[in-house]
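In: Any chance you can model this:
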Amino acid sequence: MHISPDHLSRHLQQQLAPLYTVFGDELLLTFEAADLIRARAREAAYIEREIFTIDHHFNWADLQQRSSNLSLFGERRVMDIRIPSGKPGNQGSAAIEEYCRSLPPDTVTLVTLPKIDKQGSATKWFKALEQAGAMIPVSPVERTRLPAWIGLRLGMQRQEASPDTLQFLADKVEGNLLAAHQELKKLALLYPAGALSFDQVKDAVLDVARYDVFKLSNAMMAGDTVRYTRILEGLQGEGTALPFIVVTLAGHIRALITIRKGLDSGKPLMQLFKQSRVWSDQQKAMEGAARRLGPQQLIQALLHVARIDRISKGVAEGDAWDELLQLGLRFAICKQGPSLGNRRATAAQ
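Out: So this is what the prediction gives:
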């Protein structure tokens, strides 16, 4: 049984499963889901709590022994099993499978894991957890959903803000929900319940956004100059290594060239994505850029990246960060060009 974090509270009011597995790479939401389960267990008189943090030194026999021992006072308990690496190893895998085959009585077991990839979700130990109890997969809050998420959180503390203010907040805390949570709590301390003005939020909230190169690439592909510039400035301020940025952008432009040539020859888009190793979170931006930009434009962009690489290595003159900005503007200028479908229609005429 899979339960969305948004529906977890309602589920817990109706029933308490013997086993919960919370997994994902968004720490704040993972912590909140796990805390909700622990709180509900306390309300249901699961008084005792045993915590097991799994590392490569952990003795799995200890978990088996403790789970088979009844509480000294006959009280209900919570077995809190934390596997930060998401990889229990051979011995741990066998121990988890055995544990799931015979869950201890009068016990709620809570297992917390990081994000589990496709290969990990196919393992026997993960399947055993899935079959024995409830799974709560925690996904990051996407950028498009972030303003609404912030608005919901403000509502929980009896505050509200205009759509423009919510978007401003989202831009400031993007990619860093823990910091977003702290900033929202700060607003609750600074201002009373009710509507928050833009100036109040602007004066109170720090710029705590956490950017990465893949977000920079997505903004470039989409031709979103404002977002591209903001992320680039963030990466520069954080001291991100130029070679890493250059290699990432060059790889994505090469993939774009492959996809564009494939589309011109009539190959299926999903086949091209698989061939170029373009994952789901990048596909929309990559498709838009591939249909919008011509092969020659993409080759020129790749040559531009090669020049930036030489500048970053000191073998050519120029400002690498300024050239990266110009590269992003190159994609934005091309954004107004005709689509692949329109060009074909024009040629047919």
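In: which residue is nearest the centroid of the protein?
Out: The centroid of the chain falls nearest to Pro140 when counting by Cα atoms, centre = their mean (3.8 Å).
In: How is the chain divided into domains?
Out: Following automatic domain parsing, the chain resolves into domains at 5-138, 143-204, 213-338.
In: Residues in contact with the top helix by length along the chain: which ones?
Out: In the chain, with assignment by DSSP state H, the single longest helix is helix 242-264. Helix 242-264 is contacted from outside by 213-214, 216-217, 220-221, 235, 269, 271-273, 275-278, 282, 286-287, 289-291, 293-295, 298-299, 301-302, 305-306, 308-309, 312, 320-321, 324, 327, 340, using Cβ atoms under 8 Å, 6 or more residues apart in numbering. Where C-beta positions appear, they are placed from N, C-alpha and C, glycine not excepted.
In: swap the cut-off to 7 Å and go again
Out: When contacts are defined by Cβ atoms under 7 Å, 6 or more residues apart in numbering, helix 242-264 is touched by residues 213-214, 216-217, 220, 235, 272, 275-276, 278, 286, 289-291, 293, 295, 298-299, 301-302, 305, 308-309, 312, 320, 324, 340.
In: Looking only at it, what residues are buried by neighbour count?
Out: Under the neighbour-count criterion of 16 or more other Cβ atoms under 10 Å, helix 242-264 has 242, 245-246, 248-250, 252-253, 255-260, 262-263 buried.
In: Just the closest of these to Thr21, please.
Out: Thr248 (32.9 Å; Cβ to Cβ).
In: Tell me the spacing between that closest one and Arg66.
Out: 46 Å (Cβ to Cβ, to the nearest Å).
In: same question, Gly266
Out: 62 Å.
In: Mind checking which of those two has more residues around it?
Out: Arg66 (13 against 6; other Cβ atoms under 10 Å).
In: can you pull the contacts of that one?
Out: Contacts of Arg66 (Cβ under 7 Å, 6+ apart): Glu50.
In: shift numbering so it begins at 15
Out: Fine by me, first position is 15 from now on; the one you just mentioned is Arg80.
In: my guess is it is in a helix, correct?
Out: Yes. Under DSSP: H, G, I helix; E, B strand; the rest coil, Arg80 falls within a helix.
In: before we move on, back to that, and the nearest residue to the residue nearest to the centre of the chain once chain neighbours are set aside, its phi and psi?
Out: Closest residue to Pro154 apart from its sequence neighbours, by Cβ to Cβ, 6 or more residues apart in numbering: Glu40 at 4.8 Å. When read as degrees, to the nearest 10, the backbone of Glu40 gives phi -100, psi 100.
In: so Glu40 touches Gly189, yeah?
Out: No. Counting by Cβ atoms under 7 Å, Glu40 does not reach Gly189; the two are 10.3 Å apart.
In: Excluding covalently adjacent residues, which one is nearest to Glu46?
Out: Closest residue in space to Glu46, ignoring its immediate chain neighbours: Pro19 at 7.5 Å, by Cβ to Cβ, 6+ apart.
In: Many thanks, have a good one.
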